[in-house]
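K.L.:
sequence and computational prediction follow.
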Amino acid sequence: MRTILTLYLTEMLKYTEASAKVLYHTFTMFVYFFPILGAIVSDSWLGKFRTILYVSMVYAVGSILLALTAVDPLQIPQKEFTIVALLLIAVGTGGIKPCVTAFGGDQFVLPQQELQLAMFFSLFYFAINAGSLLSTFITPILRNDVECFGSNSCYPLAFAVPGVLMVISIAIFALGRPMYKIKQPKGNVFVNVVSCIWHAATHRKSSGPVDHWLDRAEPKFGAKLVGDIKALLKVLVIYIPIPIFWALYDQQGSGWTFQAVRMDGNIGFYTILPDQMQVVNPLLILAFIPLFSYGVYPLLGKCNLLTTPLQRMVCGGFLAAAAFAVSAFVAMALEAKYPVLPEAGQAQVRVYDTTNCSYSFTTINNTISNGTLTNGYYENKYIDVPAGQLNVSFTFTSTVFNCSERNWELEVDEEKAYGVYLTDLGVFSYEDKVEKSSDGYPLVRTLVSDNSSVKYSHSEKSYALTVAVGSLVSLEYVGSYNIDLLNKSAEFKLGGTYTVLINADDLTYRVVTVTNPNSVHMLWLLIQYVIITAAEIMFSITGLEFAYSQAPISMKSVVQGCWLLTTAVGNLIIVVIESMELFEKQSNDFFLYTAIMVVDLFFFMWLATRYEYVIDEDSSFVEDTELAIESKAASNGLDNPGFDKNI
């Protein structure tokens, strides 16, 4: 669902890219915050089975509500109910995420079924990665290639499919209840940790001097828990810089998707959709995990390089910074080709002639320089509007016999673009759109000399669209289109904005390119995706393994919960930065994140040099099934956001 969320917010709900980015990362923040609450509810009250069952229903309701909200004929307040739906989905994800792996592991008897448990996690790992790949590839197709409710796209279907599949999953899960081993809740370690820390912090003055401030909680909570929390806090100090990594990594679904919208995805036999580029990450993850485990790390180890987890995490952090530096340079290449937009104190006017009269024009007081409609077209991108508004009086004249003089009054506001066009029936005008479309697809406006409607039919796909004169429409596909009025064709490319001039008398036409199509190819994004995926392997997976190896056995679940919180905080950082709207250019935005990451890494390196590794000499079998399950899940990368089957 997150694959297409940013495009839905901008294309359908008409949020600006900055506002859509804030909403997207606010949602993602809650997705990674609610698992803490879900774990507490599961371990303290409901148990894993009932928690999964109930919150899965919440998730399904959220998905279905989101799909219904996207159906225009229902006239549901879209912005308000979209936020409600996303909140329900976040709550549902929060309950499922911390429970599902542990509940699956509860079904095995350890140590007798340790081999079967490992097989279960391998199959589970494969399933969620396969689901991630399929959903990231298929969901944009459902959005783009299906028409519904009078729209060229079908967001309702793309949102409804996960909801329907969740309903089916809930039914299957519930029917299997008699076969499950269901353990009763026995308390949540996270709650105990927070209670212990709170007790020690609030009783500083109520007891005598102690060696460590946490020792004040020892009479109430015991020496074992206090000692484990001390060890835990040493690990959590290393967590402090980690949110910045997630502030970069999680922008694959927002900033990098908006970047892809402005690029050319045509590879000849197929056009890559902007939101489909995200499929690269889970695909590379599957390839990189064995590559790094059996190739890169052993090779570097022979050279005595990156031999410790913290060294690998630092390297991964610098790779993340490098990925964003690359994305910033790609953004600069794109910005060099962006259309010129009317600025404050200026406006744009384009004049079109669909007749055979070869008109020229003058304006009173020369508010716009006199012009000739060469080949039926005139353009002025830099008209001064010093007072914020300007009245332009056009007088159109022609030397062609039987072509009468025409006049037209146009009210021009600053920071806007306008089009004026002449037909056999008179003069007309409209407010123009020169920026690229929010989804990257071609925008076409058709002007016909007799004001008749025109039908465009794609030359290869069963797609046709009838358009009224003067209206601006978005075409669902790029490529060549047959124009039925002329029995001729015209080609429209990603990111382009076009005006088609048609003379109905002699059946001639001209395509005027108002905004140049995307020219930087989308495959250039592969470089930054490869780098960020390598960064993920070295930073995220290594970070989890480090935390699990260094934390006491009783604190494994707390480590996992705090790791999820770093992702939530990382997304909160994005929300704060994007809400400030510091830059207009995306490249500057990406350079800022690069700089923040580099500064953060120097702090991380300082912490790493002060850290003393804990050598675990206890090799005994972990009897606590639940902790063993969580440890196994984390080492397999099951809690990695790149493989989240719930969102």
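P.N.:
Now that the structure is in, tell me what you want to look at. Residues are numbered from 1 along each chain as shown.
K.L.:
who's Thr423 bridged to?
P.N.:
In this structure, Thr423 has the following beta-bridge partners (DSSP bridges): Gly426.
K.L.:
an error on my part: the question was meant for Asp384.
P.N.:
Bridge pairing for Asp384 (DSSP bridges) gives the partners Gln346.
K.L.:
neighbours around it, how many?
P.N.:
For Asp384, the tally of surrounding residues (other CB atoms under 10 Å) stands at 12. Glycine gets a C-beta too; all of them are placed from N, C-alpha and C.
K.L.:
show me the contacts for Glu335.
P.N.:
With contacts defined as CB atoms under 8 Å, 6 or more residues apart in numbering, Glu335 is in contact with Lys585, Gln586, Ser587.
K.L.:
hang on, the first one packs against Ala331?
P.N.:
Yes. Contact between Lys585 and Ala331 holds when scored by CB atoms under 8 Å: they sit 7.2 Å apart.
K.L.:
re earlier: ok, so of the contacts of Glu335, who is nearest Pro386?
P.N.:
Pro386 lies nearest to Lys585 out of the contacts of Glu335, by CB to CB, at 26.6 Å.
K.L.:
name the nearest residue to that closest one, sequence neighbours excluded.
P.N.:
Nearest residue to Lys585 in three dimensions, chain neighbours excluded: Glu335, at 5.8 Å (CB to CB, 6 or more residues apart in numbering).
K.L.:
that older thread, quick one, which of Lys585 and Ala331 is more surrounded?
P.N.:
Here Lys585 and Ala331 are set side by side on neighbour count (other CB under 10 Å), and the busier one is Ala331, at 24 against 14.
K.L.:
buried residues in the longest helix seen in the chain?
P.N.:
Secondary structure assigned by DSSP state H gives helix 114-145 as the longest helix of the chain. Of the residues in helix 114-145, those scored as buried under the neighbour-count criterion (16 or more other CB atoms under 10 Å) are 117, 120-121, 124-125, 128-129, 131-133, 135-137, 139-140, 142-145.
K.L.:
can you list the buried residues in the helix or strand that comes right after it?
P.N.:
The helix or strand immediately downstream of helix 114-145 is helix 155-175, counting by DSSP states H and E. Neighbour counts over helix 155-175 (16+ other CB under 10 Å) mark 155-163, 166-167, 170, 173 as buried.
K.L.:
wait, which of those is closest to Glu379?
P.N.:
Comparing the buried residues of helix 155-175 against Glu379 with CB to CB picks out Tyr155 as the nearest, at 35.1 Å.
K.L.:
quick check, the closest one in contact with Ile4.
P.N.:
Yes. The pair formed by Tyr155 and Ile4 meets the contact definition of CB under 8 Å, at 7.0 Å.
K.L.:
between those two, which contacts overlap?
P.N.:
Arg143.
K.L.:
first to last residue in stretch 210-218, what's the distance?
P.N.:
Using CA to CA, to the nearest Å, one end of stretch 210-218 lies 11 Å from the other.
K.L.:
next one: it to chain centre, how far?
P.N.:
Taking CA atoms, centre = their mean, to the nearest Å, one finds stretch 210-218 lying 45 Å from the centre of the chain it belongs to.
K.L.:
just the mean pLDDT for that stretch, thanks.
P.N.:
Across stretch 210-218, the average pLDDT comes to 87.
K.L.:
what residues does that stretch touch?
P.N.:
By CB under 8 Å, 6+ apart, the surrounding residues in contact with stretch 210-218 are Cys196, Ile197, His199, Ala200, Ala201, His203, Arg204, Ser206, Ser207, Val226, Ile229, Lys230.
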